[in-house]
Every structure is written in structure tokens, then in C-alpha cells.
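Visitor: Fold the following, please.
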Amino acid sequence: MSSSSPEERTLVLIKPDAVRRGLVGEIISRFERKGLRIDAMETRTMDGEFADQHYAEHVDKPFYPPLKAFMTGGPLIALVLSGDQVIEVVRGMLGSTDGRKAAAGTIRGDLSLSNRENLVHASDSVDSAKREIALWFPALG
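Guide: Here you go, the predicted model:
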């Protein structure tokens, strides 16, 4: 594999629990120290309709109503990060979805004790990153 692979972009949401707990700076500084670039960043509050668009593939699942209530329950930070293999890098930095099981040294492993209130969302593929960035930051899409 070439070391000059093209840069990718990913959407990251610093969720309402992280904002409420004052962890925004800690989380962003981990991304910056890793060498990732912030291309866009904005404080937002997600409404129900926007949540349904963002989580379109989950709307009919039983876990979705409490997830929607959580995600619309307070301000969050939306950001676009870029860098070499940024999608894989960021997901590795986040750790397992369940903070109780996430490895020490990851954001969730160090800072979360929950499956739902797990501090951060990140795109899971190039396709989902493109869709999510276009939804959250249309000017970048």
C-alpha cells in the first residue's frame, strides 16, 4: 500500500452527553494531537426530523426512539475531520460502541460507561461519510 493514499473526510458528532460533561476540548484535542485536520465545526441542536434523516437506516429499529430522544436532547458539536484513512483512524480512536467494553486509551474506553451515551458518532464508511457530510455541511458536499 502506498503511503501517499488520498486524504479522506469523515463526519464526527460530539454528542450531547459529551457537551454536557465538558469533554469537547478533550475529544477535539485527541483528534488534533493525532494529526487530523478540522475542515468544519459547528455547534448544533438536532431536531426530530433531522435525526430521522441522519439515522435513516435505524428509524424502524426498537433502539431508535431512545437514541432519537438522547440525540435531540441538547447541543452537540458537528465536525468534519480529514486525514489519511481518517474514517478507520477515527473509529479506532473512539473504541467499541459500548463504553463499558471499549479498550482503555480510546475515547469511549477512557470517558464513557454507556452504550447509548457513548460521547461520539463517526461515519463508518466512505459512502456514509459522504452522505452525512452532505447532510450536515451541504457546502462541503
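Visitor: so what's the most centrally placed residue in the chain up against?
Guide: Nearest to the geometric centre of the chain sits residue 121, at 2.5 Å (Cα atoms, centre = their mean). Residue 121 sits next to 11-13, 15 when contact means Cβ atoms under 8 Å, 6 or more residues apart in numbering. All C-beta spots, glycine's among them, are computed from the backbone N, C-alpha and C.
Visitor: same thing but 10 Å
Guide: By Cβ atoms under 10 Å, 6 or more residues apart in numbering, residue 121 lies in contact with 11-15, 54-55, 71, 76, 78, 94, 97, 132.
Visitor: Which parts of the chain are helices?
Guide: Counting by DSSP state H, the chain has these helices, from start to end: 16-20, 24-34, 48-54, 64-71, 86-94, 107-111, 126-136.
Visitor: List just the one of these that sits closest to residue 40.
Guide: Nearest to residue 40, of all the helices of the chain, is helix 126-136, at 8.3 Å by Cβ to Cβ.
Visitor: so where is the chain shaky, pLDDT-wise?
Guide: For the chain, the stretches with pLDDT under 70 are 1-6, 141.
Visitor: right, and residue 38 touches residue 86 too?
Guide: No: between residue 38 and residue 86 there is no contact under Cβ atoms under 10 Å: 11.1 Å.
Visitor: Have a look at those two and say which one is more surrounded.
Guide: residue 86 (24 against 13; other Cβ atoms under 10 Å).
Visitor: That one contacts residue 37, doesn't it?
Guide: Yes: assessed by Cβ under 10 Å, residue 86 is found in contact with residue 37 at 8.7 Å.
Visitor: Determine the residues that are contacts of both of those two.
Guide: Common neighbours of residue 86 and residue 37 (Cβ under 10 Å, 6+ apart) are 7, 9, 31, 80.
Visitor: so which of those residues comes closest to residue 49?
Guide: Closest approach between these and residue 49, by Cβ to Cβ: residue 80, at 21.7 Å.
Visitor: Quickly note the distance from the closest one to residue 40.
Guide: According to Cβ to Cβ, to the nearest Å, residue 80 stands 4 Å off from residue 40.
Visitor: follow-up on the earlier one: closest one of the contacts of residue 121 to residue 108?
Guide: Set against residue 108, the nearest of those by Cβ to Cβ is residue 94 (5.7 Å).
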